[in-house]
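1. how does the following fold in three dimensions:
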Amino acid sequence: MKVNEIVKDWGGFEKLIKDIHQGENIKVQHNVKLLGQSNTTRQIDVLLEHSNGPYEYKTLIECKYWKRKVERANIDVLHAGMQDLNASKGVFFTTKGYQEGAEIYAKSKGISIFVVTDVSDESWGKPGKIINFYLQIVQKAIDCIEPKKTQAMFLNGIEKEVHLELHIGSDSENNHHLIISKHKKKFTTLEKLIDFYAEEALSKYQNKPVLINNGEECIRYVNTTLNLDFPEPLQVLKDDVVILIPEISLNVALKIDQSPITIDRSSNYLYALSVVDYVNNQNFLVSKLKKAEYPEWQPVEDKAPSDEESVKNGSILTVGMEGSFDITETHQLKRVDLRVIK
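-> Predicted coordinates:
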């Protein structure tokens with residue numbers, strides 16, 4: 001949203017300046033002709049009138065949509081108009097700035113001078129007016145669990161065939177396999193241990209996500225194998241059998257739903273402008289929402305540049321989903337190597 005996109009000519013600039021001064025308890029007029037004390041008719045680009053009790057205030061605003069800087073003579077004409085019309089205040093708006101003599105003279109006469117420019121990315125706040133990032137929604141699923149080098153101890157001395165039927169994701173521990181070795185201080189059941197490491201695989205991806213297919217909207221699946229090695233074997237109780245598990249090969253699949261996100265922070269505004277007060281060295285962000293009755297003036301504070309940003313343009317924002325997706329979604333897919341270009 002640039003000034004030259006909002007304003008096409010000097011008349012449009014005057015109307016814009018009129019609009020940014022609209023507010024409660026103030027009368028704003030454009031292109032007004034007033035008869036002065038010298039019996040001279042003076043044309044005022046924008047006239048502000050408001051009262052406070054028995055007091056009435058009149059502000060004259062001069063607007064110059066020029067390709068050159070305002071000169072001292074232009075400020076002098078405004079000052080003469082203020083005196084002739086007994087105005088309380090004089091204000092100048094332009095887009096190209098002021099010559100040094102014009103600045104000095106305006107300050108000496110109490111005339112406010114402003115420059116209207118495009119809003120910089122700094123004024124919008126980082127990362128700027130346009131925000132571009134990639135959203136990845138990530139969910140896990142366990143593809144394969146392979147205990148290795150397992151042994152069994154039969155508490156009643158009767159050997160039999162043993163099967164581990166794990167119930168991952170079930171909240172009830174009634175059908176879970178209890179851990180009775182020292183690992184139970186962290187994991188009460190084998191199911192909770194497996195789920196923890198599956199979640200860890202998801203977290204590791206979130207800490208270092210990969211942009212897929214140059215950022216296009218897509219769904220992809222990533223498969224990773226975790227080799228869990230326990231220096232002291234897990235001891236898992238199943239009925240009357242203790243199963244010793246020194247190693248587990250855990251295959252975890254991640255479903256990544258990627259979408260490019262573009263946000264234009266000016267899209268909800270009729271206009272957004274940077275207005276610089278040359279007298280008080282103050283910068284304002286002047287904006288008007290499409291559904292707002294009046295514009296809003298917000299001072300822009302100078303802040304030291306920071307490398308820390310919540311979102312940088314081009315960054316990847318990941319959201320980890322609870323639960324697991326249906327692993328059968330991956331069964332008909334062709335496996336390919338993941339190539340990460342750095």
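2. can I see the domain layout of the chain?
-> Residue ranges for the domains of the chain, per automatic domain parsing: 3-118, 133-262+317-330.
3. what about the first one, distance to the chain center?
-> This means domain 3-118. The offset between the C-alpha centroid of domain 3-118 and the centroid of the whole chain comes to 37 Å, using C-alpha atoms, centre = their mean, to the nearest Å.
4. can I get the domains of the chain in CSV with mean neighbour count?
-> To be clear about C-beta, it is placed using only N, CA and C from the backbone, and glycine gets the same treatment. Compiled in CSV, the domains of the chain are given as follows (neighbours: other C-beta atoms under 10 Å):
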stretch, mean neighbour count
domain 3-118, 16
domain 133-262+317-330, 15
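5. what's the closest of these to Q298?
-> Distance to Q298, taken as C-beta to C-beta, is lowest for domain 3-118 among those, at 12.2 Å.
6. endpoint to endpoint, that closest one covers what distance?
-> The first residue of domain 3-118 is 6 Å away from its last residue (C-alpha to C-alpha, to the nearest Å).
7. is Q22 in a helix, a strand, or coil?
-> Under DSSP: H, G, I helix; E, B strand; the rest coil, the three-state class of Q22 is coil.
8. before we move on, the earlier item: wait, which of the domains of the chain is closest to V336?
-> Between V336 and the domains of the chain, the shortest separation by C-beta to C-beta is 10.0 Å, and it involves domain 133-262+317-330.
9. circling back to that earlier point, mean pLDDT lowest for which of the domains of the chain?
-> The stretch with the lowest mean pLDDT among these is domain 133-262+317-330, at a mean of 89.
10. CA atoms only for the top strand by length along the chain - export them in CSV, please.
-> Here the longest strand in the chain is taken by residue count, with DSSP state E as the criterion, and it is strand 241-264. Taking only C-alpha atoms (Å, rounded to 0.1, in the frame of the first residue of the first chain), the coordinates of strand 241-264 have been written out as CSV:
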residue,chain,number,x,y,z
VAL,A,241,6.9,-64.4,32.1
VAL,A,242,9.7,-61.8,32.4
ILE,A,243,11.0,-60.7,29.0
LEU,A,244,14.5,-59.2,28.8
ILE,A,245,14.9,-56.7,26.0
PRO,A,246,18.4,-55.2,25.5
GLU,A,247,17.6,-53.6,22.1
ILE,A,248,14.6,-52.3,20.2
SER,A,249,14.4,-51.2,16.6
LEU,A,250,11.6,-48.6,16.3
ASN,A,251,10.4,-47.4,12.9
VAL,A,252,8.4,-44.2,13.2
ALA,A,253,6.6,-42.5,10.3
LEU,A,254,5.8,-38.8,10.2
LYS,A,255,3.0,-37.3,8.2
ILE,A,256,3.8,-33.8,7.1
ASP,A,257,1.0,-31.6,5.8
GLN,A,258,2.7,-28.5,4.3
SER,A,259,1.1,-25.2,3.3
PRO,A,260,2.6,-21.9,2.1
ILE,A,261,1.2,-19.0,4.1
THR,A,262,1.2,-15.4,2.8
ILE,A,263,-0.3,-12.6,4.9
ASP,A,264,-0.6,-9.0,3.7
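11. related to what we said a few turns ago, can I get the domains of the chain in JSON lines with distance to S287?
-> Conversion of these to JSON lines gives the following (distance: least, C-beta to C-beta, whole Å):
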{"stretch": "domain 3-118", "distance to S287": "9"}
{"stretch": "domain 133-262+317-330", "distance to S287": "20"}
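12. ok, which of these comes nearest S274?
-> Evaluated over the domains of the chain, closeness to S274 peaks at domain 3-118, with 4.7 Å, by C-beta to C-beta.
13. gap between the two ends of stretch 94-111?
-> Separation of the first and last residues of stretch 94-111 by C-alpha to C-alpha is 14 Å.
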